[in-house]
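Engineer: Model the following, please.
(2 chains)
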2 protein chains.
Amino acid sequence: MAKKQPANPIANSAGNGLLDRRLFLTGGLASLGIALSPVVNASESTINRARKPWMQSPGRALGDYGQPSQHEAAVVREGRTSQVGTLGSGASRTPLQDLQGTITPSGLHFERHHSGIPDIHPEQLQLSVQGLVKQPLKFSLNDLARYPLTTKTYFLECSGNSAVNLGPNPALLTCGGIHGLVSASEWTGVPVSYLLDEAGIDSKAKWVVAEGADAARMNRSIPLDKMLDDALLALYQNGERLRPEQGYPVRLLLPGYEGNTSVKWLHRLEVSAQPAMSRQETSKYTDLNLDGRAEMFTFEMGVKSAITSPSGNQQLTGKGYYEISGLAWSGYGPVRKVDVSADGGKTWAAAQLEEPILDKSLTRFRIPWHWDGTPCTLLSRAADAQNHQPTRAQYTKAKGTSGFYHYNAMQAWRIEADGGIHNVYV
Amino acid sequence: MAKKQPANPIANSAGNGLLDRRLFLTGGLASLGIALSPVVNASESTINRARKPWMQSPGRALGDYGQPSQHEAAVVREGRTSQVGTLGSGASRTPLQDLQGTITPSGLHFERHHSGIPDIHPEQLQLSVQGLVKQPLKFSLNDLARYPLTTKTYFLECSGNSAVNLGPNPALLTCGGIHGLVSASEWTGVPVSYLLDEAGIDSKAKWVVAEGADAARMNRSIPLDKMLDDALLALYQNGERLRPEQGYPVRLLLPGYEGNTSVKWLHRLEVSAQPAMSRQETSKYTDLNLDGRAEMFTFEMGVKSAITSPSGNQQLTGKGYYEISGLAWSGYGPVRKVDVSADGGKTWAAAQLEEPILDKSLTRFRIPWHWDGTPCTLLSRAADAQNHQPTRAQYTKAKGTSGFYHYNAMQAWRIEADGGIHNVYV
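Structural biologist: The predicted model follows:
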């Protein structure tokens, strides 16, 4: 029996042109009757026989440490903000809309510093483990490097990421400008549990206060259970030693927790019975509820996603085929599903998730789309094993708009008839 | 019933101090009676209360595109060699002994160029698909970027990697100096099959000749089946656009194949019935056999491993605990097992493999080791589902020492009584 061909070659999987995510496993673009590439006339049989300028003489020499192409000079961290009177107390964001895959180039990892980037000489670093321990310990960087290492890819997200979307009007920013306080790296380091085991934990211990060696002496109180679970003393980022902005020579790395707790330039772990109630866990990094009370120690970052392409301030060049692509993540575990809507949330289709889907890491999703040229609204929603990403309306109904941290509602991008794209609330 | 404690806290898993790879899941270092860290006297209860220089004033400002710490300036590509009279025709190597994890920082990816690094303006690139096709096509970079993308982590290895170990005497080089023509990146690109499907392949087609837009016009002939399988047109490397040294703005990426075939600065794919028999597949990149005949088109890189730490020209600081760590890979599929020997190959223990173990990518292996301070020889051997890494004697018996490409025998590191380490043949 012959296979029946679909009457309409554009096999919709949801409204407004969302195509089946497996499209390219079957007929591909040809089955859609869509050609993306200009054809070549028969008379052009010698295409690319002419030598371009860069083929006429030998190119640049081999180098010590490579850099991006000069033609990519515009791809830099964006949305850089510093507190008045400072240069290093503030944040800069990963330009998510310019990137692909799941790893963030170390040079573009978001920054959030409380007193700039200290220049720590690695041979002078000393990390102490003290407080409620049987035997206080101190470690040079060389001491640490002799411990067994482990390698894991994890995202880091600032707790205040995306909070601009709590404002009364949608900010006309790029995807990175709104959501770029999230990045992912392959981290290699020493499990904190090894050091705590060696020091011997007192039975009264419940917390570990981690303190950085920057001028702000940034500190946070971490539940002992987390420190004994998957906490790392990260020494390497994407294969090489940590970048200065990421805590060189050693940072704490708490998978899934708000970025602020992964204390950079780490020099002290103090085991204690109580949290420190430090500035960064009292006046900052608390979640204001509708009743006016604030929750403290809300560590896990909620399940979240954003379409990175097409996205805010980009431009579609006309109706036809596009790939919708974005990132999803959750501080509670692996992403299980991402749905995409091209009709403002009326209908949804499951996006393809790039393998491997790693725990507490960024997951790239993709879905093919045929834009008919009329205005519409794109949305994505992610889910992990337990949690679903809320709509903005659901989020603000539960939490109000006066908070700042842990905002994880869906991002909507409005596409206008001229192909212009901007942030919108739906 | 109480658990029985082992009589000897150092539970050997193979000769000369190799410990169980699961050591740190159980008692850890404490069970060995080994403390790696200096303890702190009771009188030192105020450790790290003194402000170091970098804590006394605010640090450096936020930045556009980050760079490594100035204290890591020595970590650069090594073993740079250029052909006489050229600056850009040659190779440089990844300093494997200075790195950790599995991703190679893009700035340290090995280089192998045949006429330097061309500076290609991305808007002027034109990629043509021609030859035995129903409809020749040409693509601008913007055309390509509209196709569906896929993200995969793959190693790239130069076919001549490690060939120095075919020499009559062991070269006293670092691990990177010997094996550093291998690197791994997360690549994102367009499957070549999409473009070939759209062009329509003639039934006589068997090969695709890929040509670069460098001054050398480097070209290689690739079996059509490989191009229709997992070949990528890579546009992104570790999240950002390709680095110039890696083929900006677009390169071919052939998972598991010798690096030379993953043609950089790609501008032409010519579908053909026969291979081109080009310079790089006739006078170079062929495998000389014992009978004096050379094999052509030997694409897959064999299963291989090397201990990166401790490794050549490094220095152990005294007897005691160390982690042995290294990399394993195979062009035929995922690494299934890595064994390590600390007694020159007499006994072997299975190393721990870091998850996820990805197809045709670098796999990090680790095993704990207690060095007793006497001279010894470390070795590693990797296996994939079908193949085992040979000893040097097995390799040279089968292939002789006059070849150059696809050398994949085991690496031995000799450790002297003073802790010095050097390359050795066993």
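Engineer: Write out the residues of the stretch 301-426 of chain A neighbouring chain B.
Structural biologist: A:Thr317, A:Tyr321, A:Tyr322, A:Glu323, A:Ser325, A:Glu354, A:Pro356, A:Leu358, A:Arg364, A:Arg366, A:Pro368 (Cβ under 8 Å from any Cβ of the partner chain). All C-beta atoms are positioned from the backbone trio N, CA, C, and that covers glycine.
Engineer: got a winner among those for most neighbours?
Structural biologist: Comparing those by number of neighbours (other Cβ atoms under 10 Å in any protein chain shown), A:Pro368 comes first, having 27 neighbours.
Engineer: bridging residues for that residue?
Structural biologist: Here A:Pro368 sits in beta bridges with A:Glu323, going by DSSP bridges.
Engineer: Likewise for A:Leu269?
Structural biologist: Bridge pairing for A:Leu269 - DSSP bridges - gives A:Val129, A:Ala210.
Engineer: quick one: it from A:Trp207, how far?
Structural biologist: Note on A:Leu269: its distance to A:Trp207, by Cβ to Cβ, to the nearest Å, is 10 Å.
Engineer: Which one's more surrounded, the two?
Structural biologist: The neighbour count for A:Leu269 versus A:Trp207, taken as other Cβ under 10 Å, is higher for A:Leu269 (27 against 23).
Engineer: what's near enough to touch the more buried one?
Structural biologist: By Cβ atoms under 8 Å, 6 or more residues apart in numbering or on different chains, the residues touching A:Leu269 are A:127-131, A:192, A:195-196, A:208-211, A:227.
Engineer: could you redo the last one with a cut-off of 6 Å?
Structural biologist: By Cβ atoms under 6 Å, 6 or more residues apart in numbering or on different chains, A:Leu269 lies in contact with A:Val129, A:Val208, A:Ala210.
Engineer: do A:Arg392 as well
Structural biologist: A:Arg392 sits next to A:Ala409, A:Tyr425 when contact means Cβ under 6 Å, 6+ apart.
Engineer: Show the pLDDT at it.
Structural biologist: We have a pLDDT of 98 for A:Arg392.
Engineer: Phi and psi next, for it.
Structural biologist: Main-chain torsions, A:Arg392, degrees, to the nearest 10: phi -60, psi -40.
Engineer: what do you get for the one 5 residues further on?
Structural biologist: Phi and psi for A:Lys397, reported as degrees, to the nearest 10, are phi -60, psi -40.
Engineer: Count residues in the vicinity of it, would you?
Structural biologist: For A:Lys397, the neighbour count with other Cβ under 10 Å is 11.
Engineer: Can you report how many residues lie near the residue in the stretch 101-250 of chain A positioned nearest to chain B?
Structural biologist: Going by Cβ to the nearest Cβ, chain B is nearest to A:Gly116 of the stretch 101-250 of chain A, at 3.1 Å. Neighbourhood size, A:Gly116 [other Cβ under 10 Å]: 23.
Engineer: Same check on the one 3 residues further on?
Structural biologist: Counted by other Cβ under 10 Å, the residues lying close to A:Asp119 total 15.
Engineer: name the element it belongs to?
Structural biologist: Assessed by DSSP states H and E, A:Asp119 sits outside every helix and strand.
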